[in-house]
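1. Sequence and predicted structure are below.
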Amino acid sequence: MSVPVLLVLGWTVLATGFSAVTLVRLLRMRTGRAARAPSTARVLLLRPVDAPTPRALENLALPIDFAGELEQVVVSPYRPRLGPDVRWLPSDPLTPNRKVGHLLYALSVLPIEGRVVLAVDADVAVTGALVEGLVAPLLAGAALSTAAPTPVDARDGAG
């Protein structure tokens, strides 16, 4: 055999092997995610509030349609009107960024072992789909997950 034929044959074997390994890994990842459905996760949802707007107060009162175990905790210096399944944790941090101070206090006081911890600002209307979208990458092994909420009452492109 000539040298060019050997090079082409070697390249073909290498490319086929690489493709096979990649396909096996992708299939293994897909079946691993299906086995761990996000709705079975135990979720601690922290909602830091310092100076709530009327929209934030509405969002905190909305029920969240999440199939898994969800504990929602509002961390605030005063107790806003909350829904029946929402807990209030009083916090008055001395940090320059008060929302971060609320979160740090909640993480130091609340039990977080075995739970996925989400921090979502009170201005965001949380839905079950948003919780699932944030939890899924974390269950798959990601260290951090972010998501953009769906706009509410958007009237134009700027909204």
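-> Ah, there it is. Residues are numbered from 1 along each chain as shown.

2. Was I right to think R42 contacts G114?
-> Yes. Counting by Cβ atoms under 8 Å, R42 does reach G114; the two are 6.1 Å apart. The C-beta positions use only the backbone N, C-alpha and C, and glycine is treated the same way.

3. neighbour count winner among those two?
-> R42 (14 against 8; other Cβ atoms under 10 Å).

4. for the chain, what are the low-confidence residue spans?
-> For the chain, the stretches with pLDDT under 70 are 31-39, 149-159.

5. ok, now which ones touch the residue nearest to the spatial centre of the chain?
-> For the chain, L134 is the residue whose C-alpha lies nearest the centre (Cα atoms, centre = their mean; 2.1 Å). Contacts for L134 (Cβ atoms under 8 Å, 6 or more residues apart in numbering) come out as L118, V120, S145, T146, A147.

6. Just among the residues you listed, which is most surrounded?
-> In terms of neighbours by other Cβ under 10 Å, those top out with L118 at 21 neighbours.

7. Roughly how far does that one sit from L130?
-> 9 Å (Cβ to Cβ, to the nearest Å).

8. So the residue nearest to the centre of the chain lies in a helix, does it not?
-> Yes. Under DSSP: H, G, I helix; E, B strand; the rest coil, L134 sits within a helix.

9. Quick check: chain neighbours aside, which residue is closest to it?
-> S145 (4.9 Å; Cβ to Cβ, 6 or more residues apart in numbering).

10. Ramachandran angles for that neighbour?
-> phi -140, psi 130 (degrees, to the nearest 10).

11. Do I have it right that it meets E132?
-> No. With contact defined as Cβ under 8 Å, S145 does not reach E132; the gap is 10.8 Å.

12. okay, now P77: neighbour count?
-> 13.
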